[in-house]
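> Take a look and give me a structure for this.
(one chain, ligands or ions: 1)
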Amino acid sequence: MEKLLFFSQNCGKISEVQKLFKGLSINLISLKDLDIKNQPNETGKSFPENARIKSMFGYKHFNIPCFADDSGICVEALDWKPGVLSKNYLESFETNVDCLKNIINQVKQTGKKKALFKTSICLTLKENYHIVFEGKIEGEISSNIIGGGGFGYDPIFIPKGHNETFAEMSTYRKNLLSHRSIAISKLINFFS
Ligand code: ITT
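Below you'll find the model as predicted:
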């Protein structure tokens, strides 16, 4: 395989995934290296469906093996939402901080602290040939917004067994634990 495309516009995801592929004999490229104007509509009702829509779109557009990541946070205090709508939920607030504060308030009101991150990675090797790899990590919502690293919901998510948010950890440390790194390890194992 000459090149493998990670079809994502999200710089946070790209940086984590590039680090996980470092040192491997796979030539990983991302949308940072390519030009694309149109984007697929993420109309799926689940993480695997949306990951497949994106990887299929990337494969068809560039005609190279391609994978995509669909992920999100599920919060007990929000009836385990926003899930697959995590991006829309974040964007429905004026700022990310407003969204994160709102979640913290819901947790304080309900006393329900649990949360989890989920990722589905879909690999498209040929037309109509897709493989899905999953990753999940449990944890809880922090009582404040903490940390300057990561992206999205990282400043309010403390993985189980730890006492720092993902945003307080380096990418290296987040990659030892995260939902995304679990799914990507399965993808890398598939290639090896
Ligand atoms: P793509 O181009 O890869 O689709 P995206 O940002 O649109 O990038 P998603 O549709 O999968 O990605 O949206 C998932 C949202 O969930 C994302 O925008 C983040 O806000 C959040 N999210 C996903 N993984 C996360 C992580 O590891 N840490 C924090 N937030 C995360």
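
> how close does the residue of the chain positioned farthest from its centre sit to the ligand?
Taking Cα atoms, centre = their mean, the residue of the chain most remote from its mean C-alpha position is residue 109, at 27.5 Å. Using Cβ to the nearest ligand atom, to the nearest Å, we find residue 109 at a distance of 22 Å from the ligand. From N, CA and C alone the C-beta is placed, and that goes for glycine too.

> start to end distance for stretch 166-183?
17 Å (Cα to Cα, to the nearest Å).

> Which residues does it contact?
13, 15-17, 19-20, 69, 71, 116-121, 133-137, 146-150, 154-155, 157-159, 162 (Cβ atoms under 8 Å, 6 or more residues apart in numbering).

> Checking the residue farthest from the centre of the chain next. Helix, strand or coil?
helix (DSSP: H, G, I helix; E, B strand; the rest coil).

> and what of residue 71?
Under three-state DSSP, residue 71 comes out as strand.

> residues near the closest residue to residue 73 other than its chain neighbours, how many?
Of all residues not flanking residue 73 in the chain, residue 153 sits nearest, at 4.6 Å (Cβ to Cβ, 6 or more residues apart in numbering). When neighbours are counted by other Cβ atoms under 10 Å, residue 153 registers 24.

> mind listing what the residue in the chain that the ligand sits nearest to touches?
In the chain, the residue that lies nearest the ligand is residue 152 (2.5 Å; Cβ to the nearest ligand atom). Contact analysis of residue 152 by Cβ under 8 Å, 6+ apart lists 12, 73, 86, 90, 96.

> just residue 187 next, same as before
By Cβ under 8 Å, 6+ apart, the neighbours of residue 187 are 67, 121, 123, 133.

> average model confidence for the helix or strand it falls within?
Assigned by DSSP states H and E, residue 187 belongs to helix 179-191. Averaged across helix 179-191, pLDDT comes to 97.
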